[in-house]
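*Asks:* this is a predicted model, with the sequence first.
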Amino acid sequence: MRWPRATAPAWIVHAGFLTCALVGGGAYALATPDTRVVIYMLVIVFSVALFGLALISGHLTHRRPWLLAISGLVLLLVGHLLWPHWVVDGHLGRGEAAPADLLIATAHGLFLAGAALGVRRRMSADAGGIVDATLFGVCAGSALWIWVFQPHLPDTATPAGQAQVLIDVLVLSAVAGCLLRMSVAATGAPRGTIGYLLITALLTGSGLATGALGMPHRDIWSGVLMLLAFLTIAAGAVHPGAPAMIEPQAVAERERTDGRFRLVWLGVALSVNPAIAAMQALRGDQGAGPLLPIATMLVIPLVLVRFNQLTGQRRRAEQVLAHQASHDELTGLFNRRRILAAIDQALAGPSDVIVLLCDLDGFKPVNDRHGHQAGDEVLQTVAARLTTAACPDSEVGRLGGDEFLVLCQGGTDLEVAALRERIRDAIRAPIELAGGPVSVGVTIGTARATAGCGLDRAGLVARADAEMYAGKPGRRHRSAA
């Protein structure tokens, strides 16, 4: 039996995490610096091993996002092996532009890539909401940088180091925004895994902030926070909800946001960094000015993506409305208004115009005996057969009820006669329904308007209508025009 199992109780994971957090965090806080190096490495190895077990056992499906995440963990392990005292001695988040800082930022970038792939698959029905959440995260990261991180960095922080810390803060904020959106939309078991991953991002950001703020005993606090982050990402991987976390989830188009609110939000997102720069100028603080464009470079592409999504949504909505205005909802054929307008357009052209008015025979008994749903299935089948039987350049529409019209431009009498036979043969074929096969017939009335004859649409359809009803003795004449 495979382990971890999706059917395992979640409390086992929670209990294991709390135990490891208390033991590992407590031991790290009480240990000497050299012992902390060993404890830190053991926790990373334990997290990588647990994560790897979840991958190898098949617990984690859709492996690409998880592989990117574990690659980040392995990269952090390599960094600790190369620079074992970097976090332990409190260098994290100090903006020193050391290779260890670059490696840590790269690992966080891998977490972002993994989160992006997972979010893209799970929240495919809420792509707009995910972009909004990412924008929120980046804007929040900009504010955190200006008012929390940058003012407290030491004088030894280099411009390159400050840029690394800023990018790290923005990446973690974007990940947190996406995961927060997922946690709000998620239901059931996946919420546990998403919650652990969200806590991972928050703990990692807190570890950076502890170093940047120069808090007392920051070497201990930064290390403990990072240890907890390693444990939470491993707990998320073995949580029973992990397999379902990346499965697509339908997100209803409910009251999330309307178009106007989203446009307002995009305006706010574009205004955050200029507003921060303006406040800095008013205070005479120009220290962080050169770094603001980095945040703006992340915000502007996201805003452009969001505008493209909104434009696409509007275009698709217009296409749906246009289709609904010109097509029959049940059969998908042209509706009465559209097919009659097509006749008017054809009569204005240089070619002969032929209309075939088709009325089903025996449809009412099918409807009465098998029900309206069966009747709808018959009409849909007839519509498909009419479309197949008609010439490629013909137009087919439903006038209403069980009456259809085929519009042709040009064609000899022999070709029209052959078309009539194809239509009759196609419609007479048995139609399979849940209650058994049924058959319907068709009576066809044909009328031709030669080029320049002056016959209008009403007269043309009336001729076809008269011929059609001539083949239905005893029925009262009705005008199809």
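*Replies:* That came through, no problem. Residues are numbered from 1 along each chain as shown.
*Asks:* hey, let's count contacts and neighbours off CA atoms from now on
*Replies:* Will do.
*Asks:* for His217, grab phi and psi.
*Replies:* phi 60, psi 40 (degrees, to the nearest 10).
*Asks:* what about the helices in the stretch 151-300 of the chain?
*Replies:* 159-185, 190-212, 218-238, 242-245, 259-283, 292-326 (DSSP state H, counting those that start in this stretch).
*Asks:* weakest of these by average pLDDT?
*Replies:* With a mean of 63, helix 259-283 has the lowest mean pLDDT of the helices of the stretch 151-300 of the chain.
*Asks:* quick one: neighbours of Asp368, just the number.
*Replies:* 11 (other CA atoms under 10 Å).
*Asks:* mean confidence for the helix or strand hosting it?
*Replies:* Element membership for Asp368, per DSSP states H and E: helix 363-370. Taken as a whole, helix 363-370 has a mean pLDDT of 88.
*Asks:* what are the buried residues along it?
*Replies:* Phe363, Val366, His370 (16 or more other CA atoms under 10 Å).
*Asks:* relative to Glu467, how far out is the first one?
*Replies:* When you say that, I think you mean Phe363. Remark: distance between Phe363 and Glu467 (CA to CA, to the nearest Å) = 20 Å.
*Asks:* swap in Cys358?
*Replies:* 11 Å.
*Asks:* next, the angle from whatever helix or strand Leu112 lives in to helix 159-185.
*Replies:* Using DSSP H and E, the element containing Leu112 is helix 99-122. Put simply, helix 99-122 runs at 30 degrees to helix 159-185, going by axes from the mean of the first three to the mean of the last three CA atoms, to 10 degrees.
*Asks:* mutual contacts of Cys358 and Glu467, please.
*Replies:* The contact sets of Cys358 and Glu467 overlap at Ile444, Gly445 (CA atoms under 8 Å, 6 or more residues apart in numbering).
*Asks:* and these two? which has more neighbours close in?
*Replies:* Cys358 (26 against 18).
*Asks:* which non-adjacent residue is nearest that one?
*Replies:* Ile444 (4.6 Å; CA to CA, 6 or more residues apart in numbering).
*Asks:* contact partners for Ile194?
*Replies:* Taking CA under 8 Å, 6+ apart, we find Ile194 in contact with Leu179, Met182, Ser183, Gly236, Met245.
*Asks:* one more pass at 10 Å, please.
*Replies:* When contacts are counted by CA atoms under 10 Å, 6 or more residues apart in numbering, Ile194 touches 179-184, 186, 200, 233, 236-237, 239, 241-242, 245-246.
*Asks:* buried ones among the residues you listed?
*Replies:* When those are checked for burial by 16+ other CA under 10 Å, the buried set is 179-183, 186, 200, 233, 236-237, 239, 241-242, 245-246.
*Asks:* what's the first helix or strand after the helix holding Leu112?
*Replies:* helix 127-144.
*Asks:* now the angle from that next one to helix 99-122?
*Replies:* Using the same axes, to 10 degrees: helix 127-144 against helix 99-122 is 160 degrees.
*Asks:* name the helices or strands packed onto helix 127-144?
*Replies:* With contacts defined as 3 or more CA pairs under 10 Å, 6 or more residues apart in numbering; DSSP states H and E, helix 127-144 has these neighbours: helix 99-122, helix 159-185, helix 259-283, helix 292-326.
*Asks:* ok, 6 Å please
*Replies:* The contact analysis (3 or more CA pairs under 6 Å, 6 or more residues apart in numbering; DSSP states H and E) places helix 127-144 against helix 159-185.
*Asks:* give me the angle between the helix it packs on and helix 190-212.
*Replies:* 160 degrees.
*Asks:* helix 159-185 - contacts with which helices or strands?
*Replies:* Under the contact rule (3+ CA pairs under 6 Å, 6+ apart), helix 159-185 is packed against helix 127-144, helix 190-212.
*Asks:* Ala31 is nearest to which of the ones you listed?
*Replies:* Comparison of those against Ala31 by CA to CA identifies helix 190-212 as nearest, at 18.7 Å.
*Asks:* quick check, distance from that closest one to the centre of its chain.
*Replies:* 24 Å (CA atoms, centre = their mean, to the nearest Å).
*Asks:* can you offset everything so residue one is 756?
*Replies:* Right, with 756 as the first residue, what we last looked at is helix 945-967.
*Asks:* can I get the CA coordinates of that helix in CSV?
*Replies:* Taking C-alpha atoms only, helix 945-967 is exported to CSV below (Å, rounded to 0.1, in the frame of the first residue of the first chain):
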residue,chain,number,x,y,z
PRO,A,945,-6.9,20.7,-0.9
ARG,A,946,-7.3,23.6,1.5
GLY,A,947,-4.9,21.9,3.9
THR,A,948,-2.1,21.7,1.4
ILE,A,949,-2.8,25.2,0.1
GLY,A,950,-2.7,26.5,3.7
TYR,A,951,0.6,24.9,4.4
LEU,A,952,2.1,26.4,1.2
LEU,A,953,0.7,29.8,2.0
ILE,A,954,2.3,29.6,5.5
THR,A,955,5.6,28.6,3.8
ALA,A,956,5.6,31.8,1.8
LEU,A,957,4.7,33.9,4.8
LEU,A,958,7.3,32.3,7.0
THR,A,959,10.0,32.8,4.4
GLY,A,960,9.1,36.4,4.0
SER,A,961,9.1,36.8,7.8
GLY,A,962,12.6,35.3,7.9
LEU,A,963,13.8,37.9,5.4
ALA,A,964,12.1,40.7,7.3
THR,A,965,13.7,39.6,10.6
GLY,A,966,17.2,39.9,9.0
ALA,A,967,16.4,43.2,7.3
